[in-house]
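Peer 1: need a structure here:
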Amino acid sequence: PLRIDGKRYSEIFNTSLQNGYILMKQAEETLFNRRFSFINKEGNIVKSRWIQQIEYLDNQGAINICFTKAVVEAITRIDGFEDFFTQYYLEQTAQLKSVYSVRLYELLVQWKVAGKTKLFEVQTFRSQMGVEDSEYKILADFKKRV
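Peer 2: All right, here's what the predicted structure looks like:
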């Protein structure tokens, strides 16, 4: 499990300790219910959740999160994954307000070296942003919300 401490969370997101723990639990609930899909080595589409289980450590002001097998396998394949999660994520995304802004930042960083981004079909971009087919079906809603 990955332990997330409420005190550290409140410091990073510049809020009170009590509010940090509440926000951390809310964020965890959202992530627990989110899904994603990917294409495996065999070329099949696989759907997964991000989190397998959560343990609330109320008396310690922390939570333990266990990621699913698919997430753990993907994270360990990222070249330099320790630096990615300890430096990039906290320093660069702590002040972003939307889950979509964080994901967009991640996608843009991948193209930083190339100096420009690839053009994507809207459906591909929706998938990369983690938007379900049932969400924001009207393009104007997608542009406004995402």
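Peer 1: Burial check on Tyr136, number of neighbours?
Peer 2: Counted by other Cβ atoms under 10 Å, the residues lying close to Tyr136 total 17. C-beta coordinates here come from the backbone N, C-alpha and C atoms, glycine included.
Peer 1: cool, Gly6 as well?
Peer 2: Residues lying near Gly6 (other Cβ under 10 Å) number 23.
Peer 1: Next one: Leu31, what pLDDT does it get?
Peer 2: You'll see Leu31 listed with a pLDDT of 83.
Peer 1: before we move on, what SS does it have?
Peer 2: Following DSSP: H, G, I helix; E, B strand; the rest coil, we place Leu31 in the helix state.
Peer 1: what sits against it?
Peer 2: In this structure, Leu31 makes contact with Trp50, Ile51, judged by Cβ atoms under 8 Å, 6 or more residues apart in numbering.
Peer 1: Swap in 10 Å and give it another go.
Peer 2: Residues near Leu31 by Cβ atoms under 10 Å, 6 or more residues apart in numbering: Arg49, Trp50, Ile51, Ile54, Ile65, Phe67, Val99.
Peer 1: Helix or strand, whichever it is, which one in the protein has the lowest mean pLDDT?
Peer 2: Every helix and strand of the chain was ranked by mean pLDDT, DSSP states H and E. The lowest is helix 81-83, at a mean of 46.
Peer 1: how near is Lys47 to Thr68?
Peer 2: Using Cβ to Cβ, to the nearest Å, Lys47 is found at 11 Å from Thr68.
Peer 1: ok, now Ala27?
Peer 2: Note on Ala27: its distance to Thr68, by Cβ to Cβ, is 17 Å.
Peer 1: again with Asp133
Peer 2: In terms of Cβ to Cβ, Asp133 sits 21 Å off from Thr68.
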